[in-house]
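Visitor: model the following, please.
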Amino acid sequence: MAQRREMELRLELAVDGLHVKEEWLATKLLEKPDMSKDEVFSIFMECDIADCGAPSLPDGQELLRKKELTGMWVLQVEEAADISVPDESRYKSESLTRSHGIRTLKLRLSDGHCIVAAIEVEPLKGIGRLTPPGAKIALKSPRIRGGLLMLDNSTSFVLGGRAPPLVAAFDAFLAERN
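Guide: Numbers count the residues shown, from 1 in each chain. Here you go, the predicted structure:
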């Protein structure tokens, strides 16, 4: 019965682009056997995807051959960097809080096992230079050019969330740079 519930939940989550590890979900269901999909999703939003996500992304070589990442995907933002700001000042506190007009975010996104690069082709709603590491983003069939995911507001939706250990590490990194 428990294995059946776990499989049903994994399939329901996968339809929405969320691929979780079997053992992670089994642990959550041991804690609360009647856990709903929404409850699992809420817990997932506050986890590091490396701890709970199952491999789902194609490898880098396959991405180079693809024109589109077909389907739904929920990935974790590992980093959001404004590449329109010079590298040496990109993480300075005044650079992070000051708006300088047009931005271009380059994102590092992960399924917990593979990291892909993405670039916004228009400013994405709900994400910026201060987005906490571990935030989750839903993608629906984004285009791919040269192995980079091309994100716009019709294919990308920021779900929110954070991963407290990643936020602490990023805060320490910022403190070191400032």
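Visitor: hey, which helix or strand in the chain has the poorest pLDDT?
Guide: Every helix and strand of the chain was ranked by mean pLDDT, DSSP states H and E. The lowest is helix 93-97, at a mean of 50.
Visitor: which helix or which strand is home to the residue sitting nearest the centre point of the chain?
Guide: Central residue of the chain (CA atoms, centre = their mean): residue 76, 1.7 Å from the mean position. If you go by DSSP states H and E, residue 76 is part of strand 72-82.
Visitor: helices and strands around that strand, which ones?
Guide: Strand 72-82 is packed against strand 105-110, strand 136-140, with contacts defined by 3 or more CB pairs under 8 Å, 6 or more residues apart in numbering; DSSP states H and E. C-beta here means a position set from N, CA and C on the backbone, and glycine is covered the same way.
Visitor: tell me where the protein has helices.
Guide: 2-15, 22-31, 37-45, 49-52, 60-65, 93-97, 164-177 (DSSP state H).
Visitor: what angle sits between the last one and strand 72-82?
Guide: Relative orientation of helix 164-177 versus strand 72-82 (axes from the mean of the first three to the mean of the last three CA atoms, to 10 degrees): 10 degrees.
Visitor: with the third one instead?
Guide: Between helix 37-45 and strand 72-82, the angle formed by their directions is 30 degrees, by the same axes, to 10 degrees.
Visitor: name the residues of helix 37-45 that come out as buried.
Guide: 40-41, 43-45 (16 or more other CB atoms under 10 Å).
Visitor: tell me which residues are up against that helix.
Guide: Contacting residues not belonging to helix 37-45 are listed as 9, 12-13, 16, 18, 20, 25, 28, 32, 52, 136, 159-162 [CB atoms under 8 Å, 6 or more residues apart in numbering].
Visitor: make it 6 Å
Guide: Contact with helix 37-45 is made by 12, 52, 136, 161, as judged by CB atoms under 6 Å, 6 or more residues apart in numbering.
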